[in-house]
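In: what follows is a predicted protein model with its sequence.
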Amino acid sequence: GCLALHTAHYFQEHPAERPDHFIGCCLNCPSIDADLPPQPVELFLRYALAPLFPQWTPFFMPHPITSERIWKEPEPREYFSNSDEMHDLSRGGVPFCLGTAVGLLAGLQEAQKISHSFQLPFHVSHGDEDYGVQLSGSQHLYDKCQTPAAKKSLNIVSGGYHGMFSQTDAKDIMDHEIQWIQERIQEHEA
């Protein structure tokens, strides 16, 4: 979601580079807000330690969220927790190294900034039980953006985890997004 927000904002700011039929974006659980350490600690990690030791994972680094808190249903949880299936795409609860953490932090902080100038139509789906990415970031984007009310949508999924498209109610979530997309297409063609 955060990467899609950055991409859409880039197209907003550079319309000549926008794909011909780009008329908005759908975001799912975008990372825009997070619990961060106190600012002096953050600055020390970011500007003193990370440039010197980007591959170091300090003992005090928080652990990423576990698979039990990402996927609500047992079948996808087991699949995505199986290291043989992930082809080294998941760190499986291993803390991030400093370089990765600083990169994620920079993306998150930039997403907070661009949310205030964001003007494109968008739809966000976010679970209210997402322990991986805070719902407050999606609410921040919805409340602070410059997108007209009729062209933005925030679908808060009751009982939704971060991996909400693997839940038993995924069809309802997808139908909500498809309906929003169809409305934007109809507006664009009118």
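Out: Noted; the coordinates are in hand.
In: for the protein, which segments count as helices?
Out: For the chain, the helices defined by DSSP state H occupy 2-13, 39-44, 50-52, 74-81, 83-86, 98-114, 135-144, 170-189.
In: take these and write them to CSV, including mean pLDDT, mean neighbour count and distance to Ser31.
Out: No exception for glycine: its C-beta is placed from N, CA and C like everyone else's. Putting the helices of the chain into CSV (pLDDT from 0 to 100; neighbours: other Cβ atoms under 10 Å; distance: least, Cβ to Cβ, whole Å) gives the following:
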stretch, mean pLDDT, mean neighbour count, distance to Ser31
helix 2-13, 94, 16, 4
helix 39-44, 89, 11, 16
helix 50-52, 93, 13, 19
helix 74-81, 82, 14, 18
helix 83-86, 67, 10, 20
helix 98-114, 90, 16, 5
helix 135-144, 96, 19, 6
helix 170-189, 93, 14, 18
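In: quick one: contacts for the most centrally placed residue in the chain?
Out: The chain has Pro30 as the residue nearest its centroid, 2.1 Å off, counting by Cα atoms, centre = their mean. Counting by Cβ atoms under 8 Å, 6 or more residues apart in numbering, Pro30 makes contact with Gly1, Cys2, Ala4, Leu5, Ala111, Val124, His126, Val133, Gly137, Ser138, Leu141.
In: leaving aside the residues next to it on the chain, what's closest to the fifth one?
Out: Nearest in space to Ala111, with sequence neighbours left out and distances taken as Cβ to Cβ, 6 or more residues apart in numbering, is Ile32 at 4.6 Å.
In: what is the neighbour count of that neighbour?
Out: Residues contacting Ile32 under the criterion other Cβ atoms under 10 Å number 28.
In: could the helices of the chain be laid out in a markdown table, adding distance to Ser153?
Out: Compiled in a markdown table, the helices of the chain are given as follows (distance: least, Cβ to Cβ, whole Å):
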| stretch | distance to Ser153 |
| --- | --- |
| helix 2-13 | 14 |
| helix 39-44 | 33 |
| helix 50-52 | 37 |
| helix 74-81 | 25 |
| helix 83-86 | 32 |
| helix 98-114 | 18 |
| helix 135-144 | 8 |
| helix 170-189 | 5 |
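In: closest one to Phe60 among those?
Out: helix 39-44 (9.3 Å; Cβ to Cβ).
In: how about residues contacting that closest one?
Out: In contact with helix 39-44 (Cβ under 8 Å, 6+ apart) are residues Leu36, Leu105.
In: who touches the residue lying closest to Pro121 once chain neighbours are set aside in this structure?
Out: Leaving aside its sequence neighbours, Pro121 sits nearest to Gly24 (Cβ to Cβ, 6+ apart; 3.3 Å). With contact set as Cβ under 8 Å, 6+ apart, Gly24 has these partners: Ala8, Leu120, Pro121, Phe122, His123, Lys151, Arg184.
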